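got a predicted model here, sequence first, then my questions.
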Amino acid sequence: MTDQSTPTDLPGDDGIRHIVLDTDTGIDDALALLYLAGRPDAEVSAITSVYGNTPVESALTNIARVLKIAGLEDTLVARGAAGPIDGEARIASHVHGVDGLGDLFAEKLAPKNLSPLSSAELLVELGRSRPGYYDLLPVGPLTNLGLALEIEPELLTLYRSVVIMGGSGPFPPLGTVQMVDANIHNDAEAAARVFAAPRRKLVMVGVNVTAGTIVDEQAVQALHHAGTEWGTFSAQILEAYMDFYQFAWGRRVSPAHDGLAAALLVQPDWITSEVTGPVGITTDGFATRAHLLRTAEGLPVSWPTEPAPDTVVVLDVDRRAFLADFVRVLSGR
């Protein structure tokens with residue numbers, strides 16, 4: 001394993017990241033999508049839906065809603081997995097609302113450019129069509145990727161990079177309890193397939209960094225006062241998110257989660273510390289996690305492990321720079 005402080009992954013020759021977003025479109029997913037839509041150095045080339053924060057049909061509705069706000073209704077969208085490869089789906093309606101966006105919107109929308117292919121099939125089709133051109137950003141359970149790897153075992157090598165919002169980083173210091181990572185917990189089998197698969201570059205943006213990247217009360221008020229459709233939408237759904245998270249910290253704040261992963265894909269220089277090494281899937285009977293296979297002290301874990309390709313595990317980020325840009329872009333100005 002090697003510790004690094006200066007990422008080397010750069011955009012393509014046109015200076016733009018061409019991104020395929022795989023999403024279980026809840027509140028933080030919607031904000032990540034809107035954020036990417038507002039970045040001049042990002043193009044959302046396609047979106048593949050999956051269950052997780054909300055059922056897959058609601059994920060599709062929410063994708064359509066964000067694309068309408070962003071003026072990107074022609075973006076290619078696919079319907080994905082409704083549950084994990086093994087077991088039953090755990091839908092986070094207690095966090096994101098029954099519809100995934102805080103139950104704030106009555107109008108039902110549908111994507112205007114829905115692919116005849118499933119999400120897994122589309123991920124393979126896009127990768128094979130232009131190897132090394134697209135970046136893949138999975139911000140939900142990894143089920144679509146796990147299914148796509150059955151079709152194309154070299155799937156991850158077909159993408160310029162894969163940046164996952166999921167995982168828990170290295171094992172935490174003794175006595176420290178981490179936030180549960182729903183994306184890995186929802187489909188351990190798919191996660192195991194992904195972290196074992198060959199790849200060009202796989203980056204894990206886990207709850208070890210996203211849980212401490214906080215959108216606070218001042219940021220939400222700035223969005224309320226932006227006077228734009230983007231700002232109002234972002235503030236409304238963030239208020240719903242904070243209805244849940246206020247019971248974690250006693251304040252109306254929330255972690256950026258998927259927005260941070262999206263930002264680090266297009267702006268990797270905001271990664272201030274990272275380590276490279278194999279990632280494994282573990283469970284203690286309560287939570288299933290993806291961990292870098294080393295302790296907080298950098299030592300090997302205490303059980304035998306299988307060899308795995310290297311994953312870039314994010315350890316720390318420039319939160320101030322990210323949050324300022326995140327609020328600025330979501331303000332729609």
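Yes, it's here. Residues are numbered from 1 along each chain as shown.

where along the stretch 101-250 of the chain do the helices fall?
Assigned helices in the stretch 101-250 of the chain, in chain order: 119-129, 143-151, 182-186, 188-196, 207-210, 217-224, 229-249 (criterion: DSSP state H, counting those that start in this stretch).

go through those and name the closest to Asn62.
helix 229-249 (9.5 Å; Cβ to Cβ). (Glycine included, C-beta is placed from N, CA and C.)

and of the helices of the stretch 101-250 of the chain, who's closest to Thr176?
The closest of those to Thr176 is helix 207-210. By Cβ to Cβ, the value is 10.0 Å.

picking that back up, any chance of the helices of the stretch 101-250 of the chain in CSV, with distance to Ala82, mean neighbour count and mean pLDDT too?
Formatted as CSV, the helices of the stretch 101-250 of the chain follow (distance: least, Cβ to Cβ, whole Å; neighbours: other Cβ atoms under 10 Å; pLDDT from 0 to 100):
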stretch, distance to Ala82, mean neighbour count, mean pLDDT
helix 119-129, 11, 21, 98
helix 143-151, 9, 24, 98
helix 182-186, 12, 26, 97
helix 188-196, 13, 23, 98
helix 207-210, 24, 25, 97
helix 217-224, 32, 16, 98
helix 229-249, 23, 18, 97
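
same list, the ones you listed, but as a markdown table with distance to Val50 please.
Below are these laid out as a markdown table (distance: least, Cβ to Cβ, whole Å):
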| stretch | distance to Val50 |
| --- | --- |
| helix 119-129 | 6 |
| helix 143-151 | 5 |
| helix 182-186 | 9 |
| helix 188-196 | 10 |
| helix 207-210 | 18 |
| helix 217-224 | 27 |
| helix 229-249 | 19 |
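
quick one: closest of the ones you listed to Phe322.
Where those are weighed against each other on Cβ to Cβ, the nearest is helix 207-210, at 10.3 Å.

which elements pack onto the closest one?
helix 258-266, strand 311-317 (3 or more Cβ pairs under 8 Å, 6 or more residues apart in numbering; DSSP states H and E).

returning to that earlier point: closest to Asp41 out of the helices of the stretch 101-250 of the chain?
Using Cβ to Cβ, the nearest of these to Asp41 is helix 229-249, at 17.8 Å.

tell me which of the helices and strands packed on helix 207-210 is the most buried.
helix 258-266 (a mean of 27; mean count of other Cβ atoms under 10 Å).

the inter-axis angle of that helix versus helix 229-249?
Using axes from the mean of the first three to the mean of the last three Cα atoms, to 10 degrees, one finds that helix 258-266 and helix 229-249 are set 120 degrees apart in direction.

give the contact list for Arg289.
Gly167, Ser168, Gln178, Asp181, Ile184, His185, Ile281, Thr282, Thr283 (Cβ atoms under 8 Å, 6 or more residues apart in numbering).

on that earlier part again, of the helices of the stretch 101-250 of the chain, which is nearest Ser273?
Here helix 207-210 is closest among these (Cβ to Cβ), at 9.2 Å.

how far does the closest one sit from its chain's centre?
Relative to its chain's centre, helix 207-210 lies at 11 Å (Cα atoms, centre = their mean, to the nearest Å).
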